[in-house]
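Asks: What follows is a protein structure lacking sequence information:
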């Protein structure tokens, strides 16, 4: 399996941010992982290293592989608008991310699994491709047979729609992708301009 399945805390400590959600290990050990940990003297990072780190952080945050990420950036670069913002909008429009944002799944990893296992429908038809890009007006729902799944029931029991660009009906487990979010509506701490600079080299 090509996707990262290792320790989440190690990656969170590497970026010094809880990119997989609240993490007690990050609070206790707020320094990079490794044999020497807090005592290791690190050389000043180059501009390239900082840009690469930002891209890696975005990839781990959204659970996207290198090839997929590069394709998405290429699409963003050819689109109208500010490339960095369009990049994040395209990533946020992925089906797995929207399922997570709606509160149907507790994490992006869990949402990817729900989509892959055909528990999610788009406009009434089953879609099992996590990277499927939604368009404004698309309706995302939990398949009727899957509504009693424990992971979905637990995740949606306290779900509150916190995103203005999405609409969610908890009773029917149906959500609507109203429009692509503005940059200000995307809560992730990602400096997208650094990613643009990296790919522009």
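Replies: Happy to help now that I have it. Predicted model only: the values in this text are computed from it and were never measured.
Asks: Could I get the full set of strands for the protein?
Replies: 120-122, 125-126, 139-142, 166-169, 174-177 (DSSP state E).
Asks: who wins for proximity to residue 190 among these?
Replies: strand 166-169 (19.2 Å; CB to CB). Every C-beta, even on glycine, is put in place using the N, C-alpha and C of the backbone.
Asks: list the buried ones in the closest one?
Replies: 166, 168 (16 or more other CB atoms under 10 Å).
Asks: so what secondary structure elements neighbour it?
Replies: helix 95-102, strand 174-177 (3 or more CB pairs under 8 Å, 6 or more residues apart in numbering; DSSP states H and E).
Asks: For this structure, name the helix or strand with the lowest mean pLDDT.
Replies: Lowest by mean pLDDT, DSSP states H and E among the helices and strands of the chain is helix 24-28, with a mean of 55.
Asks: Could you give the number of residues near residue 133?
Replies: 16 (other CB atoms under 10 Å).
Asks: Please name the nearest non-neighbouring residue to it.
Replies: Nearest non-adjacent residue to residue 133, counting by CB to CB, 6 or more residues apart in numbering: residue 93, 5.1 Å away.
Asks: Skip the chain neighbours and tell me the closest residue to the residue nearest the centre of the chain.
Replies: Closest to where the C-alpha atoms of the chain average out (CA atoms, centre = their mean) is residue 62, at 2.7 Å. Nearest non-adjacent residue to residue 62, counting by CB to CB, 6+ apart: residue 91, 5.3 Å away.
Asks: and that neighbour, what pLDDT?
Replies: pLDDT, residue 91: 97.
Asks: check contacts around it.
Replies: Contacts for residue 91 (CB atoms under 8 Å, 6 or more residues apart in numbering) come out as 58, 62, 64, 72, 97.
Asks: Make JSON lines out of those and add distance to residue 51 and pLDDT.
Replies: Listed next are the contacts of residue 91 as JSON lines, based on distance: CB to CB, whole Å; pLDDT from 0 to 100:
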{"residue": "58", "distance to residue 51": "11", "pLDDT": "94"}
{"residue": "62", "distance to residue 51": "17", "pLDDT": "94"}
{"residue": "64", "distance to residue 51": "17", "pLDDT": "94"}
{"residue": "72", "distance to residue 51": "17", "pLDDT": "97"}
{"residue": "97", "distance to residue 51": "23", "pLDDT": "96"}
